[in-house]
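J.: My questions are about this predicted structure, shown below with the sequence.
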Amino acid sequence: MAFELPTLPYAASALASKGMCQETLELHHGKHHQAYVTALNGFVEKNDELKGKTLEEIVAFSHGKPDLAPVFNNAGQHWNHILFWQNMSPTGGKIPGALEAKITADFGTVAAFKDAFKAAGIGQFGSGWAWLVLSPDGKLKITKTPNGSNPLATGEGKALLGIDVWEHSYYLDFRNRRPDYLTNWIDNLANYEYAEAALKAA
């Protein structure tokens, strides 16, 4: 069964009023994400060791293996983007009560959490991701990964939110102003309801 590009959970124009224009979303989803899916399917077709494995199994299997680096990059980016589309919402930015209580317990304040999340995104040199994870010790933590890597591969915890800091995520809307993109994403786009549901499920 070939991997497929997921449908966006909202219209391509739905995030425009929140700082992500329709062109950004269409290019990011329909071109960049589709390219990862297409490449991954090509690798699976040629490698019997990958056939029949789930996406998560391919990420784990290919992680840290230089000969499978292209497989890992595309599988990781497919996994990351499936989460990324769900991590944004036209009604984003509002942190529900249970998640807010957990954030306050683990970071001290919501402002401290937002500052740490933004700092991780700014501090990721080049392309990559910043993450809010539920770590194995039960605490919320902020982490970052380069390129197509993710907490699934590194074992740093269950990803609740992931911010894509590859330039194609923000260049049309914010040019080279990554800090402004991060502030806007955290304050206006982040789907904290999704993060709270994922936290409860964990």
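T.: Great, that's in hand. Numbering: from 1, shown residues only.

J.: going forward, measure contacts between C-alpha atoms and count neighbours the same way
T.: Noted.

J.: what number of residues lie near residue 44?
T.: 18 (other Cα atoms under 10 Å).

J.: That one - nearest residue in space that isn't next to it in sequence?
T.: residue 50 (5.3 Å; Cα to Cα, 6 or more residues apart in numbering).

J.: what do you get for residue 117?
T.: Nearest to residue 117 is residue 142, by Cα to Cα, 6+ apart, at 6.1 Å.

J.: thought the one you found was touching residue 132?
T.: Yes: using Cα atoms under 8 Å, residue 142 is in contact with residue 132, at 4.8 Å.

J.: what's the spacing between residue 9 and residue 167?
T.: 22 Å (Cα to Cα, to the nearest Å).

J.: So between those two, which is more surrounded?
T.: A direct count of neighbours by other Cα under 10 Å for residue 9 and residue 167 places residue 167 higher, at 16 against 11.

J.: Let me see the contact set for that one.
T.: 127, 176 (Cα atoms under 8 Å, 6 or more residues apart in numbering).

J.: measure it to residue 121 for me?
T.: On the measure of Cα to Cα, residue 167 and residue 121 end up 12 Å apart.

J.: Same check on residue 100?
T.: Per Cα to Cα, residue 100 is found 21 Å from residue 121.

J.: Mind checking which of these two has more residues around it?
T.: The neighbour count for residue 100 versus residue 121, taken as other Cα under 10 Å, is higher for residue 121 (28 against 16).

J.: thinking that one is in contact with residue 180, fair?
T.: No: if you go by Cα under 8 Å, residue 121 and residue 180 don't touch, sitting 10.9 Å apart.

J.: Neighbours of the nearest residue to residue 85 once chain neighbours are set aside, how many?
T.: Spatially, and ignoring its direct neighbours in sequence, residue 85 is nearest to residue 8 (6.5 Å; Cα to Cα, 6+ apart). When neighbours are defined as other Cα under 10 Å, residue 8 has 14 of them.
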